[in-house]
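Participant: Sequence plus predicted model, see below.
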Amino acid sequence: MIKAETRREAAVPVQSIPDSPAGFTRYAWGVLAYTVAVALWGAYVRATGSGAGCGNHWPLCNGEVTPHSPAVATIIEFTHRATSGVSLIFVAGLLIWAFRGFPRRHPVRLGASLSMVFLLTEALIGAALVLLGHVQKNASVSRGYSLSTHLINTLTLLACLTLTARWAGGQKVPSLRGRPLWLAGVSLAVVVILGVTGAIAALGDTLYPSASLAAGLAQDWDPSANIFLRLRGLHPLIAGAAAAWLLWYAVSSALRRPEVKWLAWTMAGCLGAQLLAGMTNLLLLAPVWMQILHLLLAYLLWISLVILCASSMTVRQAAV
């Protein structure tokens, strides 16, 4: 009898779905970390002027699937495309796992679906940058719009991945109403505006490098300066105003809801590190490595803010 039952159990197919939500949560956080790394490499492509490394071709590189005897710029650009392709595989796995491992109408399914949508639009925007020639030394105003759109899409993608991981870990969907909603909305919008001006400021550093801090300031405030230079000069002022709002939001969130205090102080810590990196970047005349570090801290600030906003709204809903 025991042998017969063993044979019947062995005949039952074993599903390939991991049996623990914790496994999905770890995977989702890993996909988020990898996506941040890909985005940072994209910034490295821009900072080194390697955006045209594969010529005016997409998805091929100089008309080839795999470039032969590539230049350094080609290697940098091709690496970005290859890692972006791997990111597509990872997010596809996240989407499949979400639909197989979570019930219908579970928020994880929504988060994974939106992550895939914004990853695809990320790829399309990246392709447009290449095909439109918005790379290397292109200083047209249209490149500023393309760059801004690219950054906003990247931030939205990171937000979707962050929420997917949080929801998989048991975080409830926030209530989209009341004072917590508009406070969170304003805070997120502030960081988006700050990020757009920062991206354009970084483009100004790439297109118009300065020999000294005084020369850079003179460039920025010259009445005939390019719009990218003018925004580079305004970016520190915008950063100061944004920091004041975000610090107030962190303190008020911690005072109103003790449950999110550690999230508020984490976001405030990321904000302080970001401000310090920004000042260092300015004083060092924006070397490439410092630009990448500055952007990494910006992404960490954004992710911590998304978590704080979602948690603050969720706590309020639970308290009602």
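Facilitator: Good, I have the coordinates. Numbering: from 1, shown residues only.

Participant: and the helix or strand containing Leu151, which residues are buried?
Facilitator: According to DSSP states H and E, Leu151 maps onto helix 141-168. Using 16 or more other C-beta atoms under 10 Å as the test for burial, helix 141-168 gives 143-144, 146-148, 150-168. C-betas here are computed from N, CA, C, even on glycine.

Participant: Surely Pro223 is in a strand?
Facilitator: No - per DSSP: H, G, I helix; E, B strand; the rest coil, Pro223 lies outside any strand segment and is coil.

Participant: pLDDT value on it, please?
Facilitator: Here the pLDDT value assigned to Pro223 is 82.

Participant: same question, Ser212
Facilitator: At Ser212, pLDDT is 87.

Participant: shaky segments in the protein?
Facilitator: Where the chain drops to pLDDT under 70, the residues are 1-20, 175, 315-320.

Participant: Tell me which stretches of it form helices.
Facilitator: Listed in chain order, the helices of the chain (DSSP state H) span 2-11, 21-47, 72-101, 107-131, 141-168, 178-207, 213-220, 227-256, 261-283, 288-319.

Participant: right, and those helices - which one's nearest His57?
Facilitator: Closest approach to His57 among the helices of the chain (C-beta to C-beta): helix 107-131, 7.5 Å.

Participant: quick one: contacts of the closest one?
Facilitator: For helix 107-131, contacts defined as C-beta atoms under 8 Å, 6 or more residues apart in numbering pick out 24, 31, 35, 42, 51-52, 54, 56-59, 84, 87-88, 91-92, 94-95, 97-99, 102, 134-135, 146-147, 149-150, 153-154, 156-157, 160-161, 163-164, 167-168, 173.

Participant: buried set for it?
Facilitator: 107-116, 118-119, 122-123, 125-126, 129-130.

Participant: What of stretch 231-242?
Facilitator: Within stretch 231-242, the residues scored as buried using 16+ other C-beta under 10 Å are Leu231, Arg232, Gly233, His235, Pro236, Ile238, Ala239, Ala242.

Participant: Over to stretch 169-186?
Facilitator: Val173, Pro174, Pro180, Leu181, Leu183, Ala184.

Participant: For these, give me TSV that also has distance to His294.
Facilitator: As requested, the buried residues of stretch 169-186 are exported to TSV (distance: C-beta to C-beta, whole Å):
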residue	distance to His294
Val173	33
Pro174	30
Pro180	30
Leu181	30
Leu183	26
Ala184	24
